[in-house]
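1. coordinates only, no sequence provided:
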């Protein structure tokens, strides 16, 4: 029963990913605008949740102030996204860029500071690539975010195809097992 639901969920997820991937590949500029608006809505909602959470729990005054300030900044940034298409795409690109730079620096520092880190060279390489990608997004946000949209579209399409094929194969496998489990009439 659960395996059948998993098969159906994989097929549905695969179809959705394929559709989103094709849309991102065919209309990358529109996809960037939609992603910017969704990102803006996320910032507003998460900012409101941060502010409400700061007042609804037992926190220290300093933690509460940080929560309120962080939530207010998130709400303002989200509202900034709704001013126009360019603002939302710019903020999205900058947000991704800054987070990649911070993640890359953290990864580089962690790997460089731990001589026993597993796959240390790969961790440092990934950190450097993350910093470089973040800098590119910050320096040239519009072309970078459009290119990122195309790459994401291709990835979604590939992911969707794999999920769809996996779900269909799982469904066929389950059907075969059910057919084999059925008692066969004995010839007389």
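-> Looks like it arrived, so ask away. Here the structure is a predicted model, which means the values were calculated and not measured.
2. elements contacting the lengthiest helix in the chain?
-> Ordering each helix of the chain by length in residues (DSSP state H) puts helix 141-181 first. With contacts defined as 3 or more CB pairs under 8 Å, 6 or more residues apart in numbering; DSSP states H and E, helix 141-181 has these neighbours: helix 2-26, helix 28-56, helix 85-113, helix 120-139. No exception for glycine: its C-beta is placed from N, CA and C like everyone else's.
3. surely residue 103 and residue 130 touch.
-> Yes - here residue 103 reaches residue 130: they are 5.3 Å apart, a contact under CB atoms under 8 Å.
4. between the two, which one's more packed in?
-> residue 130 (20 against 16; other CB atoms under 10 Å).
5. so what's the closest residue to the more buried one other than its chain neighbours up against?
-> Distances taken as CB to CB, 6 or more residues apart in numbering place residue 104 nearest to residue 130, at 3.1 Å, with adjacent residues excluded. Counting by CB atoms under 8 Å, 6 or more residues apart in numbering, residue 104 makes contact with 126-134.
6. and which of these is nearest residue 78?
-> Checking those against residue 78 with CB to CB, the nearest one is residue 134 at 21.2 Å.
7. OK, contacts around the closest one?
-> 96-104.
8. same question, residue 159
-> 14, 17, 21.
9. which of these count as buried?
-> For the contacts of residue 159, a burial check counting by 16 or more other CB atoms under 10 Å picks out 14, 17, 21.
10. do you know how far the last one is from residue 59?
-> Just to be clear, that refers to residue 21. Distance, residue 21 to residue 59, by CB to CB, to the nearest Å: 42 Å.
11. which residues of this protein score low on pLDDT?
-> Within the chain, the stretches with pLDDT under 70 are 1, 3, 57, 188.
12. how far away is the most centrally placed residue in the chain from residue 132?
-> By CA atoms, centre = their mean, the chain has its centre lying nearest to residue 152, at 9.7 Å. In this view, residue 152 and residue 132 are 18 Å apart by CB to CB.
13. repeat for residue 37
-> Counting by CB to CB - residue 37 and residue 132 are separated by 28 Å.
14. what does residue 123 give?
-> 15 Å.
15. which of the two has more residues huddled nearby?
-> residue 123 (17 against 13).
16. helix/strand/coil for residue 117?
-> coil (DSSP: H, G, I helix; E, B strand; the rest coil).
17. how many residues are close by it?
-> Neighbours around residue 117, by other CB under 10 Å: 14.
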